[in-house]
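# structure for this input, please:
(2 chains)
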Protein chains: 2
Amino acid sequence: MPDYDVLCIGNAIVDIIAQCDEEFLETNGIIKGAMNLIDTQRAELLYSRMGPAIEASGGSAGNTAAGVASFGGRAAFFGKVSNDALGEIYAHDIHAQGVAFDTIPLKGEPPTARSMIFVTPDGERSMNTYLGACVELGPEDVEADKASGAKVTYFEGYLWDPPRAKEAIRQTAKLAHAAGREVSMTLSDSFCVDRYRDEFLELMRSGTVDIVFANSHEIKSLYQTSSFDEALAQIRKDCRIAAVTRSEKGSVIVRGDETVVIKATAIKELVDTTGAGDLYAAGFLHGYTQGRDLQTIKATAIKELVDTTGAGDLYAAGFLHGYTQGRDLQTCGDLGSLAAGLVIQQIGPRPRQNLRREAEQAGLL
Amino acid sequence: MPDYDVLCIGNAIVDIIAQCDEEFLETNGIIKGAMNLIDTQRAELLYSRMGPAIEASGGSAGNTAAGVASFGGRAAFFGKVSNDALGEIYAHDIHAQGVAFDTIPLKGEPPTARSMIFVTPDGERSMNTYLGACVELGPEDVEADKASGAKVTYFEGYLWDPPRAKEAIRQTAKLAHAAGREVSMTLSDSFCVDRYRDEFLELMRSGTVDIVFANSHEIKSLYQTSSFDEALAQIRKDCRIAAVTRSEKGSVIVRGDETVVIKATAIKELVDTTGAGDLYAAGFLHGYTQGRDLQTIKATAIKELVDTTGAGDLYAAGFLHGYTQGRDLQTCGDLGSLAAGLVIQQIGPRPRQNLRREAEQAGLL
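Numbers count the residues shown, from 1 in each chain, chains lettered A, B, ... in the order given. Just a heads-up that it's a prediction; the model follows:
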């Protein structure tokens, strides 16, 4: 039986990333910060209006798998691409990161999924996803040995959008639990929660899912409340562990009555110019006097929010890496914050740094 | 007759960009800093060894066309893609930048060209180019109205690698000169110069080319000398204007006996930590007190060499934009330095900033 730390299951998507202004989102009816599902016709329309772009492998759970592997964890991935150029790019990138990925590609149409991601000047990303080959992911793609052999299986709520992926999830969860493993999910997106609220709650309450990742919008949507505290109180009862991210406020991890509060990486938005130079010097000298290498010193000194894409995915990667290495919840959360803090300082959904090295330098591994 | 400022002709290439260490280049026999031509088999081998990558439209003259358009110039491009996924990406990006691009795509094989670009920690890029559909560019792709209608035609020396592109160049140059226009070229790469030295010299000495862009390695290769000054003395005689870039030393523009020296954008490599914080504060406050917006202030304050890809192409873009707007050589060179300085502070070959705005803020336009 192969031995993995984390098996991730998700839509296998290539991101097409461009900058735009706020007005573009309004003019084109794109819900800001959300994952907007689109069909072929709308994909063509939006692409024709999109500025010059770059392409990078993405997809929520795929990003998490890449993150776990970058931390040095043993990661595997199930997801459906087509045997086309974007599918080759997707498979290359996840293999090159050291993730086991053996889902058989679709022959021919529909093509590999793509998401047009528009990044506004505030760093927020608004996604427009054409699911393509992802609609063909089904229970026949479940590799039983990986499902049984991974300490934690992690899947995205987005998988309720394609028609048969949920069957693959239920089958994987059964195999995992039968082998004494744990199952986790991310709620993915508040609109996604709105589409599948009852099913997500059933997954949690039936024990199909042990660990839930969400952001504050998603748990509020899940429990249809405007109160974060109330939503947090409810999710304590519905799953064994919940890790809830709150953007610049960090995250909260709850397990029964236990509550662990995690700080976010401090990102300077440079809105107030007072003391910026001083802070730079302070950060720089701190890194320097701690004997860090120059790359780290620079990262310590200059932190700028560029693109939030992948923040939640990388938080989950850090958390799950710590969790499957037997670390306490505080360390799991700190590893999540570290990875999320790095990915939002660059364009693209998977950090270019070696996360293991970053975590070691931060004293977390 | 359509009216363009700059018509660019080049290999239409999608870049696949990843980081690597110095050892990787050695192990794989990649000549550092050069454009290495590769065949299908080697492309597959290198891709299998390449780390996780991102994709971006590239190609030397294509980058220049995009740069001219970003400065607000009217740019056109001739180059051959195939009607495949990468070809669509290429066409999208150059159209989205506002460049007129109407070369008919190849139907079927070979596929759109790609260049695997490995970026070492010092920011240097080493390219491995599979020419694909570019080998099909020929005189039938010359659009006579654009050739006659552009103030300056600009082509890359790299076009001597595919078999028939040089015929397209000679035909375009004839049309341009017949219409009283000017023709320019870049020497592209010192190894490329070595392959086609006699032909490049003939292009210059016959007056087929009026303006030459090169870096110091390329002109030394052209004249087979180790002395930059000697090479510079020779190129004065062989073309009307030569603009020679010298990395961090800036550039030199010569026109007959006239010599214009241009500074490079100062890029802090952070190798010596002394005063880094002070410099940051100084740069920041300078921008702030000049009333620049925060984006500019940040750019003023923090300049870091990340990836040299596109530096020469964007220098040419800045120069040609100034030149076709009737600016003096000093301003042309400063515009080149500005654009080159921006593109090397990011991953990818085309700067994400609006170059017109950057130039206006720098007081150059």
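# buried residues of stretch A:249-263, list them for me.
Going by neighbour count (16 or more other Cβ atoms under 10 Å in any protein chain shown), the buried part of stretch A:249-263 is A:250-254, A:260, A:262. Heads up, the C-betas are built off the backbone N, CA and C, glycines and all.
# least confident secondary structure element in chain A?
Using mean pLDDT, DSSP states H and E, the weakest-scoring helix or strand in chain A turns out to be helix A:294-301, at a mean of 43.
# pLDDT score assigned to the nearest residue to A:Pro121 once chain neighbours are set aside?
Nearest non-adjacent residue to A:Pro121, counting by Cβ to Cβ, 6 or more residues apart in numbering or on different chains: A:Asp21, 6.9 Å away. pLDDT for A:Asp21: 96.
# touching the strand or helix carrying A:Val183 from outside, list them.
Using DSSP states H and E, A:Val183 sits in strand A:182-186. Identification of contacts with strand A:182-186 by Cβ atoms under 8 Å, 6 or more residues apart in numbering or on different chains yields A:60-61, A:64, A:151-157, A:172-173, A:176-177, A:200, A:203, A:208-214, A:312-313, A:316, A:320.
# that strand: what's the following helix or strand?
Helices and strands here follow DSSP H and E; after strand A:182-186, the next one along the chain is helix A:190-205.
# which strands or helices does the following helix or strand past that following helix pack on?
Per DSSP H and E, the first helix or strand lying C-terminal to helix A:190-205 is strand A:211-215. Helices and strands in packing contact with strand A:211-215 are listed as strand A:182-186, helix A:228-238, strand A:241-245, helix A:311-324; criterion 3 or more Cβ pairs under 8 Å, 6 or more residues apart in numbering or on different chains; DSSP states H and E.
# can I get these in TSV with mean pLDDT and mean neighbour count?
Written out in TSV, the entries for the helices and strands packed on strand A:211-215 read as follows (pLDDT from 0 to 100; neighbours: other Cβ atoms under 10 Å in any protein chain shown):
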stretch	mean pLDDT	mean neighbour count
strand A:182-186	98	25
helix A:228-238	98	16
strand A:241-245	98	25
helix A:311-324	98	29
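# how close does A:Ser184 get to chain B?
Remark: distance between A:Ser184 and chain B (Cβ to the nearest Cβ, to the nearest Å) = 24 Å.
# contacting residues for the closest residue to that residue other than its chain neighbours?
Using Cβ to Cβ, 6+ apart and skipping the chain neighbours, the partner closest in space to A:Ser184 is A:Ile211 (3.6 Å). By Cβ under 8 Å, 6+ apart, A:Ile211 lies in contact with A:152, A:182-185, A:239-243, A:323.
# tell me which parts of the stretch 51-200 of chain A are close to chain B?
Listed as neighbours of chain B in the stretch 51-200 of chain A under the rule Cβ under 8 Å from any Cβ of the partner chain: A:51-57, A:66, A:84-86, A:89, A:92-94, A:96-97, A:111.
# of the residues you listed, which belong to helices?
Cross-referencing these against helices under DSSP state H gives A:66, A:85-86, A:89, A:92-94, A:96.
# out of the residues you listed, who's the most crowded?
Neighbours here are counted as other Cβ atoms under 10 Å in any protein chain shown. On that basis the top member of these is A:Ala66, with 31 neighbours.
# look up how far chain B lies from A:Tyr158.
Counting by Cβ to the nearest Cβ, the gap between A:Tyr158 and chain B amounts to 21 Å.
# sorry, that was for A:Asn36
Going from A:Asn36 to chain B by Cβ to the nearest Cβ gives 19 Å.
# ok, so what distance separates that residue from B:Glu88?
Using Cβ to Cβ, to the nearest Å, one gets 21 Å for the distance from A:Asn36 to B:Glu88.
# rewinding a little: buried among the contacts of strand A:182-186? Need that as a selection in PyMOL.
In PyMOL, a selection of the buried entries from the contacts of strand A:182-186 looks like this (16+ other Cβ under 10 Å):
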select buried, chain A and resi 60+61+64+151+152+153+154+155+156+157+172+173+176+177+200+203+208+209+210+211+212+213+214+312+313+316+320
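# burial of A:Pro163, as a residue count?
Other residues near A:Pro163 number 12, with proximity taken as other Cβ under 10 Å.
# which residues of the stretch 1-150 of chain A fall in helices?
Here the stretch 1-150 of chain A has its helices, by DSSP state H, counting those that start in this stretch, at A:22-27, A:40-49, A:60-70, A:85-96, A:144-149.
# out of these, which one sits most buried?
helix A:60-70 (a mean of 32; mean count of other Cβ atoms under 10 Å in any protein chain shown).
# pretty sure A:His217 contacts A:Ser190?
Yes: checked against Cβ atoms under 8 Å, the pair A:His217 and A:Ser190 is within contact range at 4.2 Å.
# low-confidence ranges, the stretch 201-350 of chain A, go.
Low-confidence segments of the stretch 201-350 of chain A (pLDDT under 70): A:268-302.
# and the closest residue in space to A:Ala214 that isn't next to it in sequence, how many residues sit next to it?
By the measure of Cβ to Cβ, 6+ apart, the closest residue to A:Ala214 outside its immediate chain neighbours is A:Leu187, 4.2 Å from it. Here the number of neighbours of A:Leu187 (other Cβ under 10 Å) works out to 27.
# which residues does A:Leu187 contact?
When contacts are counted by Cβ under 8 Å, 6+ apart, A:Leu187 is found next to A:157, A:193, A:200, A:212-215, A:218-219, A:221-222.
# quick one: which of these is nearest to B:Thr331?
B:Thr331 has its nearest neighbour among the contacts of A:Leu187 in A:Asn215, at 49.3 Å by Cβ to Cβ.
# tell me who's in contact with the closest one.
Neighbour list for A:Asn215: A:187, A:190, A:244-247, A:312 [criterion: Cβ under 8 Å, 6+ apart].
# beta partners of it?
Note on A:Asn215: beta-bridge partners by DSSP bridges are A:Thr245.
# could you report the distance from it to A:Ser190?
When Cβ to Cβ is applied, the distance between A:Asn215 and A:Ser190 equals 8 Å.
# in the stretch 101-250 of chain A, which residue sits closest to chain B?
With Cβ to the nearest Cβ as the measure, A:Pro111 is the residue of the stretch 101-250 of chain A nearest to chain B, at 7.6 Å.
# that residue against A:Cys134, yeah?
No: counting by Cβ under 8 Å, A:Pro111 does not reach A:Cys134; the two are 10.6 Å apart.
# more crowded one of these two?
Counted by other Cβ under 10 Å, A:Pro111 and A:Cys134 do not tie: A:Cys134 has more neighbours, with 26 against 20.
# OK, contacts around the more buried one?
Contact analysis of A:Cys134 by Cβ under 8 Å, 6+ apart lists A:11-13, A:79-80, A:113, A:162, A:165.
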